[in-house]
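**Q** Here is a sequence with its predicted model. Questions after.
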There are 2 protein chains.
Amino acid sequence: MARDGFKVFDSDMHVLEPVDLWERYIDPAFKDRAPRGTARKATDVGVTVDGQDAFTLSAQIARVSFQGGLERFAEDIARGFDATAQLRAMDREGVDVTVLYPSRGLFVNSFPDMDPAFSEAIARAYNDWLADFCRVGDPRRMYGAAMLPIQDVGASIREARRAVGELGFKAVFLRPNPPRPRVYWNDLVFDPLWAAMQELGVPVGFHEGVASHLPTVGADRFAPDQFALLHACSHSMEQMLAVEAMTLGGVLDRFPRLKVAFLEGNGS
Amino acid sequence: MARDGFKVFDSDMHVLEPVDLWERYIDPAFKDRAPRGTARKATDVGVTVDGQDAFTLSAQIARVSFQGGLERFAEDIARGFDATAQLRAMDREGVDVTVLYPSRGLFVNSFPDMDPAFSEAIARAYNDWLADFCRVGDPRRMYGAAMLPIQDVGASIREARRAVGELGFKAVFLRPNPPRPRVYWNDLVFDPLWAAMQELGVPVGFHEGVASHLPTVGADRFAPDQFALLHACSHSMEQMLAVEAMTLGGVLDRFPRLKVAFLEGNGS
């Protein structure tokens, strides 16, 4: 599929996780609390955790994601957006190699107060599922960005090491939003994570999702039904703030070999 | 002072208000509650209202504002930054005409829960003082941007009409921050203000100040002592959000002859 001798690389393609991913993959100790994808309509990309919507605007984002009509996606929907459907989409778009980011997974453990052990179990389940997904699809063309638990830095490091060392992931992702109010990525508490990522030698990709339960630019002034207003500022400015934390905040001074990526900033 | 046939116009020059401005100018009904400028050191630009600091980072901003040392400003300090000192500064900088924005006045009535009548009295006092300041200085070279109370739209309109109609102001200013949590400038509640400003035919200048008691980008993630981090994102992104509210939020569609300015966005 190379064009003019160049291969086409998509640094930010998304999977759409099956609704029962966590029921199937989560540690049995957490099986009765497994997050569950919602399927209120064909385009529903929501997920509930302990009975609470993790993604507060999933109906709005689905309307945008599926624009052009469901007919376009009929076969993908029938396949449940499986690895074969993903590969077909790559072929249609002329993409050789991708790094895969989540849909429901951007929200599923993005709760400031979530029990760190539960959050880690959710991340492990997602990463195990995504490793299988890439293996079934085409492991030379599909690379997952691993989910980390964000509530405890020790757990973040443990899952990053496991995802890279055992599952062979080439990237991890984090939300740019503060994991907890008044605790941001330039806080010294995260330095052990940056040290580990620098040592592992794989990049950290920041990816925003709008309307999780994390602090988000715009949520203090635009109403929940003003999706365009919220999306326009959250995707752009959450990335700017993450850039600010990693640069002016000193992280890249302290860890000069750390690699970071800022994705879907709406600057295209 | 014109250069090559052009006059130099500064759309955003600041005054430094005397500490006793409000004691001298406020409606006698509010005299016992008059805000008071703080003077903990020579460079103090703070102000207290009802015993509370209105400007939570005044020491940090003063350090930046007076960089280069107090000797540079010795004569201005001796004159109390009066209208003559302001004119001398304009002459030194080669500026012909200015619109004047406040220092302490960016904060003095920027409290979401302030009694609207008190806020209006504070704005009236500032505007009366600033009208005198421009008159004493040079009314052909100095134009004030009027302060509005933000807690009640009827009061905002009343003071805008008074400042333009009676005092001859050519601009008003607002902070870009939400006046109250979850109430932003594109909210229909402010449409009567935009209608009045369109009718008056003078621009609304949005000017951020960082570290007031209003919601502010970055305050949910950077610590109060991280002044550079807070300032860099508040001044730029509060302006972006105000642009978003006035454009995508529909205000300039509804009031196509309304003029707005976005100042000190740190994009220079």
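**A** Right, received. Where do you want to start?
**Q** all contacts plus neighbour counts: C-alpha atoms, from now on.
**A** Fine.
**Q** The residue of the stretch 1-150 of chain A found nearest chain B: neighbouring residues, count only.
**A** Residue nearest to chain B within the stretch 1-150 of chain A (Cα to the nearest Cα): A:Pro112, separated by 13.0 Å. For A:Pro112, the neighbour count with other Cα atoms under 10 Å in any protein chain shown is 16.
**Q** Could you do A:Pro28 as well?
**A** As a burial measure, A:Pro28 scores 12 neighbours (other Cα under 10 Å).
**Q** now do A:Phe190
**A** A count of neighbours around A:Phe190, defined by other Cα under 10 Å, yields 19.
**Q** That one against A:Ala155, yeah?
**A** No: the criterion here is Cα atoms under 8 Å, and A:Phe190 misses it with A:Ala155 at 11.5 Å.
**Q** As a check, name the ranges of all strands in the stretch 151-268 of chain A.
**A** Using DSSP state E, counting those that start in this stretch, the strands of the stretch 151-268 of chain A run over A:171-174, A:204-207, A:260-263.
**Q** what's around A:Leu148, how many residues?
**A** When neighbours are counted by other Cα under 10 Å, A:Leu148 comes out with 28.
**Q** correction: A:Asp113
**A** Counted with other Cα under 10 Å, residues neighbouring A:Asp113 total 13.
**Q** I figured it hits A:Gln151, correct?
**A** Yes: with contact taken as Cα under 8 Å, A:Asp113 and A:Gln151 are classed as touching, separated by 7.3 Å.
**Q** so what's in contact with those two at the same time?
**A** Jointly contacting A:Asp113 and A:Gln151 under the rule Cα atoms under 8 Å, 6 or more residues apart in numbering or on different chains are A:Arg180.
**Q** Need the winner for burial among the strands of the stretch 151-268 of chain A.
**A** Ranked by mean neighbour count under mean count of other Cα atoms under 10 Å in any protein chain shown, the strands of the stretch 151-268 of chain A are led by strand A:171-174, which reaches a mean of 24.
**Q** Is that one in proximity to chain B?
**A** No: Strand A:171-174 is not in contact with chain B by Cα under 8 Å from any Cα of the partner chain; minimum separation 15.7 Å.
**Q** And for that strand, what's in contact with it?
**A** Applying Cα under 8 Å, 6+ apart, the contact partners of strand A:171-174 are A:101, A:144-148, A:150, A:160, A:164, A:202-207.
**Q** Can you tell me the strand partners of that strand and which way each runs?
**A** When pairs are called by DSSP bridges, strand A:171-174 turns out to pair with strand A:142-147 (parallel), strand A:204-207 (parallel).
**Q** Could you list the residues in contact with the last one?
**A** Meaning strand A:204-207. With Cα under 8 Å, 6+ apart as the test, strand A:204-207 has contacts from A:106, A:145, A:171-176, A:197, A:239, A:242, A:259-264.
**Q** what does the helix or strand of chain A with the lowest mean pLDDT rub up against?
**A** Between all helices and strands in chain A, the lowest mean by mean pLDDT, DSSP states H and E belongs to helix A:58-65, at a mean of 78. The contact list for helix A:58-65 (Cα under 8 Å, 6+ apart) reads A:43-46, A:227.
**Q** mind redoing it with 10 Å?
**A** Helix A:58-65 is contacted from outside by A:38, A:40-47, A:55, A:67, A:69, A:103-104, A:209-212, A:225-228, A:231, using Cα atoms under 10 Å, 6 or more residues apart in numbering or on different chains.
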